[in-house]
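K.L.:
Mind looking at a prediction? Sequence and model below.
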Amino acid sequence: MMHIAPVYGFEFTRPFSAAGLSFTPCETNSSSAKRIARDLSAHHMTGTIAANAIDRETIYELEGVLSFIEHLDVMVLEPISAHQAEPDPTKAFEPTLIARRRHNGGGAVIGSDAFNPCKNSRQQFIELCLTHLKDKTFCDQTRFRSLLFKSVETFRQRQPFLEITYFLLISGLEAFCRACQGDYTSRNAAIPITNQLKLYGFNVFQDNPGELSRSISTYLHIRNALFHQGDFTSTVNINHGLVQFNCSQHLFNLSMLCSLTVMKAIGFDDGHTNWDCWIDRELHR
């Protein structure tokens, strides 16, 4: 029997199918869809999903994938039978949930179906990501699940703490890159991280004082300062000169780099993503 579940806070305006799930939007007007999807004070129902079976693990994974796309907390509630939802599924569920305030994670990392030049980018990402999450061998070998959900948890915290956000991002990235490289012995984590990111085509360095944002050692110096000294800045002697690293200054770079790594890991490429946006902040090209 077909089951239907409501989705709260995910922006879409066109029906589509991905990973065996059929998505139907509540709003087809792009302005209205964006307004209700990105309201930080409440979760508004933005659509429904339908499938023959929607178990709790699928709901958990789908919430994570949709939240990742929006970089905002997205909720999916328990499904009901299609018979219970007749004649109008949108009337069978609460239109608004004021469960908790939503924290903006910096803006959606994959464009909406209304404005993105590739109209099916979100559909493509959902299909790829859910498929890879169901692949236990892939997740065990790469620690991909940890990378994805640590990225998502940075903005699902009830009260985001800078040091916790930073730890989730850098630890998820390190674990993923070490697993992909099979390198669990290098004392300098910059080695496996740099090697893996270069395989994905990112312009990164293990250590380059002339381009601190592209140097993986920058993010590790900040991590060490946060967790060993409790400081948000780190001052390091490089080439006989003192260089100061600031956590807030580089947090966006690290967050977006982790998001792009998630996309690379599952083979997502809609042809319009700017893979250097973690530096220049221009998401599309």
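P.N.:
Great, that's in hand. Numbers count the residues shown, from 1 in each chain.
K.L.:
alpha carbons only for contacts and neighbour counts from here, please
P.N.:
Noted.
K.L.:
count of residues packed around the residue lying closest to G20 once chain neighbours are set aside?
P.N.:
For G20, the nearest residue in space outside its immediate sequence neighbours is A51; the separation is 6.7 Å by Cα to Cα, 6 or more residues apart in numbering. Counted by other Cα atoms under 10 Å, the residues lying close to A51 total 19.
K.L.:
So that it lines up with my notes, have the first residue be 374 from now on.
P.N.:
Understood, numbering begins at 374; the last thing we discussed is A424.
K.L.:
Now do the phi/psi pair for A424.
P.N.:
Torsion angles at A424 (phi, psi; degrees, to the nearest 10) stand at phi -160, psi 160.
K.L.:
same question, the one 4 residues further on
P.N.:
For D428, the backbone dihedrals (degrees, to the nearest 10) come out as phi -90, psi 170.
K.L.:
so how far is L470 from it?
P.N.:
D428 is 21 Å from L470, where distance means Cα to Cα, to the nearest Å.
K.L.:
ok, those two, which is more surrounded?
P.N.:
Neighbour tally, D428 and L470, criterion other Cα under 10 Å: the higher count belongs to L470, 14 against 10.
K.L.:
Hmm, the more buried one is touching H417, no?
P.N.:
Yes - with contact defined as Cα atoms under 8 Å, L470 reaches H417; the gap is 6.3 Å.
K.L.:
what ranges do the helices span in the chain?
P.N.:
If DSSP state H is used as the criterion, the helices of the chain fall at 403-410, 429-443, 455-458, 494-506, 509-515, 517-529, 535-554, 563-572, 589-597, 620-638, 650-653.
K.L.:
Please work out which of these is packed deepest.
P.N.:
helix 517-529 (a mean of 24; mean count of other Cα atoms under 10 Å).
K.L.:
list the helices and strands that one packs on?
P.N.:
helix 429-443, helix 535-554, helix 620-638 (3 or more Cα pairs under 8 Å, 6 or more residues apart in numbering; DSSP states H and E).
K.L.:
could I get those helices as a markdown table with distance to F396 and mean pLDDT?
P.N.:
Formatted as a markdown table, those follow (distance: least, Cα to Cα, whole Å; pLDDT from 0 to 100):
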| stretch | distance to F396 | mean pLDDT |
| --- | --- | --- |
| helix 429-443 | 12 | 97 |
| helix 535-554 | 30 | 95 |
| helix 620-638 | 21 | 94 |
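K.L.:
Now tabulate the ones you listed in TSV and tack on distance to A598.
P.N.:
As requested, these are arranged in TSV below (distance: least, Cα to Cα, whole Å):
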stretch	distance to A598
helix 429-443	28
helix 535-554	10
helix 620-638	9
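K.L.:
which one of the ones you listed lies closest to S588?
P.N.:
In terms of Cα to Cα, the element of the helices and strands packed on helix 517-529 nearest to S588 is helix 620-638, at 10.8 Å.
K.L.:
Give me the contacts around the closest one.
P.N.:
482, 498, 517, 520-521, 524, 539, 542-543, 546, 570, 573, 586, 592, 595, 605-606, 642, 648, 650-652 (Cα atoms under 8 Å, 6 or more residues apart in numbering).
K.L.:
now do stretch 396-415
P.N.:
381-390, 416-423, 445, 463, 469-477, 487.
K.L.:
What about these, which are in strands?
P.N.:
The strands, defined by DSSP state E, take in 381, 389-390, 416-423, 469-470 from the contacts of stretch 396-415.
K.L.:
so how far is S559 from Y539?
P.N.:
Relative to S559, and taking Cα to Cα, Y539 is found at 21 Å.
K.L.:
Check K492 too.
P.N.:
The value you get for K492 to S559, if Cα to Cα is used, is 42 Å.
K.L.:
Those two: who's more crowded?
P.N.:
Neighbours per residue (other Cα under 10 Å) separate K492 from S559, with K492 holding more: 15 against 10.
K.L.:
Give me the local confidence score for the more buried one.
P.N.:
We note a pLDDT of 72 for K492 in this prediction.
K.L.:
repeat for the one 4 residues further on
P.N.:
Residue-level confidence at Q496 comes out at 95, pLDDT.
K.L.:
pretty sure it is in contact with A392, am I right?
P.N.:
No - using Cα under 8 Å, Q496 makes no contact with A392, being 9.2 Å away.
K.L.:
Please identify which of the helices and strands packed on helix 517-529 is closest to P582.
P.N.:
Of the helices and strands packed on helix 517-529, nearest to P582 by Cα to Cα is helix 620-638, at 14.4 Å.
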